[in-house]
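Student: Can you look at this prediction? I've put the sequence above it.
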Amino acid sequence: MAGRLDGQEITIIGAGVGGLAAAAALGQRGGRVQVLEQAPAITEVGAGLQISPNGMAVLRALGLGPALVKCSLGAEAVELIDGETGQLVTRIELARLAPAGAFRLVHRADLIDLLEGAARVAGAGILCGQRVRSLTLGEGHAPHILLDEARREAPLLIGADGLHSLVRTALNGAAPPFFTGQVAWRATLAEPQALPPVVRVYMGAGRHLVTYPLRDGHIRNIVAVEERARWAEESWSLTDDPLTLRVAFERFIPEVRAWLDRIDRPNLWGLFRHPVAARWQGMGAAILGDAAHPTLPFLAQGANLALEDAWVLAAELDARAAPEALAAYERARAPRAARVVAAATANARNYHLSGLKRDLAHAALRLAQRFAPDAAGNRYRWVYDRDVTRAR
């Protein structure tokens, strides 16, 4: 794969999905990659992720397809269910949208482990405990990074540093996020019986809950979202009183309430909207993933978009000189990311309808299920059918 990247020094800030995927893709093309991660170690954090065909295409191209299949489950369907009655609203058969196994349910830690391994095999160095205090971008010189105890020059800098990205701020200036009026709880539960590989979305007025199995089917992943006026900190590390979670879903069916009764320490985070970055690159730097386009979790595309970004950025850098490659990367990615972000935001509203709007929407979905069973899934074919590994 040697091209313009052969021997190019590249520094990536952040060892999440996007950063490690970029390290693997760039390293496989001959780049000399160094990843800086502020955490003391790459450990098991987060919970479930849904990988859709557009993300799976990148993982296959990185050589990780078989390994991902071994540590994940192939999702068969998505079911939308009235959370207050238990009545099925619609079922999307995923095999009608893509070949069997193209939709995967995976623990984030397992995906991170695969990507870290691929990055290291490709020659990337991964340094943990590297907190970036500040960075400087400017025309005519390489980016400079100030770490806790050292300053380093980065001939090419990639910011995969998430929602509070320093690289994004350096490129765009500060852009404070705004609270969406929604909070989300995450939890996992051990299940004695293997669960069917189905994503179930239980919808209610002003709230919804998503559940699906992980690993061997004996782990239940739960994400519960509620609309509220009270602000919650944007963090993955907060825990909440489980009673608050149970009260929020007290009108849901007994099956759902029984799951919530078993949760002792739910993680809580506030959902904030950050605008898609106006500028993705410049002055020897680029951003990807949440640093460029933070995405609400209502279309399960955050990790998939980060995988797409990583592949496209590496391909562009391998095909042309850095300034032109970074500009081409932004042109290729920004419109799609903005469209996906908007679709995810719209889903939040659709899941939380109440009153007459809710009754009409559910009736329309049931009618479509009867006479046009593929309509609900085909609505997002433009998301799933994109294969960035074949774009060039």
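Tutor: Thanks, I have the structure now.
Student: where do the helices sit along this structure?
Tutor: Remark: helices assigned in the chain by DSSP state H are 17-28, 53-61, 65-71, 108-121, 166-172, 242-248, 254-261, 302-319, 322-351, 355-371, 375-378, 381-384.
Student: What is the distance between the second one and the centre of its chain?
Tutor: Same thing as helix 53-61. Helix 53-61 has its C-alpha centroid displaced from the chain centroid by 14 Å (C-alpha atoms, centre = their mean, to the nearest Å).
Student: Can you give the contact residues for it?
Tutor: Outside helix 53-61, the residues that touch it by C-beta atoms under 8 Å, 6 or more residues apart in numbering are 21, 51, 65, 68, 97-98, 102-104, 114, 303-304, 307-308, 310-311, 383-390. For every residue, glycine as well, the C-beta is placed using N, CA and C.
Student: same thing with the fifth one?
Tutor: The contact list for helix 166-172 (C-beta under 8 Å, 6+ apart) reads 13, 132, 134-137, 157-159, 161, 175, 277-283, 285-287, 291-292.
Student: V35 reaches L26, doesn't it?
Tutor: No - between V35 and L26 there is no contact under C-beta atoms under 8 Å: 10.1 Å.
Student: thinking again about what came up before, format the helices of the chain as TSV; extra columns: mean pLDDT, mean neighbour count and distance to G86.
Tutor: Below are the helices of the chain laid out as TSV (pLDDT from 0 to 100; neighbours: other C-beta atoms under 10 Å; distance: least, C-beta to C-beta, whole Å):
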stretch	mean pLDDT	mean neighbour count	distance to G86
helix 17-28	98	29	34
helix 53-61	98	24	30
helix 65-71	97	15	32
helix 108-121	97	20	29
helix 166-172	95	22	43
helix 242-248	95	16	18
helix 254-261	98	15	7
helix 302-319	97	26	29
helix 322-351	93	18	16
helix 355-371	82	13	13
helix 375-378	82	17	19
helix 381-384	96	17	28
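Student: R220 is nearest to which of these?
Tutor: Checking the helices of the chain against R220 by C-beta to C-beta gives helix 254-261 as the closest, at 6.9 Å.
Student: can you list the residues that contact the closest one?
Tutor: By C-beta under 8 Å, 6+ apart, helix 254-261 touches 83, 86, 189, 202, 209, 211, 220, 222, 224, 242, 245-246, 249-250.
Student: Run the chain-centre distance for it.
Tutor: Its chain's average C-alpha position is 27 Å from that of helix 254-261, according to C-alpha atoms, centre = their mean.
Student: check contacts around the closest residue in space to R262 that isn't next to it in sequence.
Tutor: In this structure, R262 finds its nearest non-sequential neighbour in L189, 5.6 Å apart by C-beta to C-beta, 6 or more residues apart in numbering. By C-beta under 8 Å, 6+ apart, the contact set of L189 is 219-220, 222, 259, 262-263.
Student: same thing but at 10 Å, please
Tutor: The neighbours of L189, taking C-beta atoms under 10 Å, 6 or more residues apart in numbering as the test, are 211, 218-222, 259-260, 262-263.
Student: Sort out for me which of these are in strands.
Tutor: Counting by DSSP state E, those place 211, 219-222 in strands.
Student: Generate CSV for those, with neighbour count as supplementary columns.
Tutor: Listed next are the ones in strands among the contacts of L189 as CSV, based on neighbours: other C-beta atoms under 10 Å:
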residue, neighbour count
T211, 21
I219, 19
R220, 19
N221, 25
I222, 22
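Student: Format these as JSON lines; extra columns: distance to L146 and pLDDT.
Tutor: Converted to JSON lines, those look like this (distance: C-beta to C-beta, whole Å; pLDDT from 0 to 100):
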{"residue": "T211", "distance to L146": "43", "pLDDT": "98"}
{"residue": "I219", "distance to L146": "41", "pLDDT": "96"}
{"residue": "R220", "distance to L146": "43", "pLDDT": "97"}
{"residue": "N221", "distance to L146": "38", "pLDDT": "97"}
{"residue": "I222", "distance to L146": "40", "pLDDT": "97"}
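Student: that older thread, please name the bridge partners of the residue nearest to R262.
Tutor: R220 (DSSP bridges).
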